[in-house]
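>>> give me a 3D structure for the following:
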Amino acid sequence: MLPMLSAAAGWLSSHVRVSLGAVASALGAVLGAWATLRSSDPNRRLLYSMAKLTSLMTVPRGIRTRVKVFFDDQPLTQPYVLVVKVAARGRQDISKGDFEDGPLILDVGEFIRDVLEVSSKPTWGPTPKVVAEERTLHIGPALIRRRQTIFISVLIEGGSPRLSRPAGTIANVRVQPGRRFQRRDFAWPSSARLRDPRTVMIAALAILLVLFGLAAASTRSPGLMFDGGIEASQIGSLPGR
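Prediction:
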């Protein structure tokens with residue numbers, strides 16, 4: 001009976017190692033296929049939104065008719081500074097050649113007096129050329145780095161700006177409105193975060209470490225253990241057996 005137990009234990013140990021190796025190989029193949037699919041689909045997006053709106057007439061109502069704001073010697077009746085945010089998201093840059101129809105045209109809904117400033121985050125990212133024409137901003141063509149955010153500050157006449165869907169096409173890029181405000185409280189990881197390569201690689205590494213740990217444990221303990229720390233393979237050699 002005991003020799004049979006010892007043989008069964010050895011058979012189980014070897015098959016556990018074979019199964020773990022097969023699982024690890026299958027996991028590697030799945031990760032390789034997933035990486036290939038992700039590299040072929042850059043999932044590039046360009047998000048536009050209004051980041052900030054500031055009135056330049058911060059005076060009491062009773063004296064507003066007596067206070068005037070001028071810009072280039074021109075009086076302004078409802079001067080506001082609007083900050084438009086354009087954020088690139090995806091796994092690849094947006095190149096200058098991707099602007100198929102020329103610049104991206106964004107209507108802000110109010111007359112634009114002038115473009116005050118164009119900045120970028122991170123600061124080392126290139127800033128595209130932005131030109132104002134009546135109510136529209138003409139952005140690019142220009143290189144926009146992945147995960148780069150561009151802030152466009154403009155002086156407008158009127159306090160009710162509204163961004164319309166931009167005109168113009170960027171190859172293989174989805175141009176869509178972004179969220180004006182983002183919640184700071186706790187939230188479960190989004191699907192985009194779960195698809196992030198770093199998240200997947202960390203999870204895969206953790207799984208592989210567990211599998212290799214199990215394989216090492218089964219290698220160190222090839223036989224069944226009984227009370228007193230005696231392996232089944234050693235019972236046949238005990239005195240009196």
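
>>> what residue ranges in this protein score low on pLDDT?
Scanning the chain for pLDDT under 70 picks out 1-42, 180-201, 212-241.

>>> kindly recompute the last result at 80.
Of all residues in the chain, those with pLDDT under 80 make up the ranges 1-42, 59-66, 179-206, 208-241.

>>> need the helices for it, in chain order.
Along the chain, the segments classed as helices by DSSP state H run 2-40, 191-194, 197-220, 232-235.

>>> neighbours of Leu104, how many?
A count of nearby residues for Leu104, using other Cβ atoms under 10 Å, gives 25. In short, each C-beta sits where N, CA and C put it, glycine included.

>>> so how far is Trp124 from it?
Relative to Trp124, Leu104 is positioned 22 Å away (Cβ to Cβ, to the nearest Å).

>>> equivalent analysis for Pro166, please.
26 Å.

>>> who has more neighbours, those two?
Neighbour count, other Cβ under 10 Å: between Pro166 and Trp124, Pro166 has more, with 21 against 8.

>>> show the contacting residues for the nearest residue to that one once chain neighbours are set aside.
Of all residues not flanking Pro166 in the chain, Leu106 sits nearest, at 4.7 Å (Cβ to Cβ, 6 or more residues apart in numbering). If you count contacts by Cβ atoms under 8 Å, 6 or more residues apart in numbering, Leu106 has them with 48, 84, 136-137, 139, 163-164, 166.

>>> all strands for the chain, in order.
Secondary structure of the chain (DSSP state E): strands at 44-55, 69-71, 74-76, 79-89, 104-107, 111-121, 130-133, 136-139, 149-157, 173-177, 225-226, 230-231.

>>> for those strands, which one sits closest to Ala206?
The minimum distance between Ala206 and the strands of the chain falls on strand 79-89, with 27.0 Å, by Cβ to Cβ.

>>> that closest one - contacts with which helices or strands?
strand 44-55, strand 149-157 (3 or more Cβ pairs under 8 Å, 6 or more residues apart in numbering; DSSP states H and E).

>>> many thanks, have a good one.
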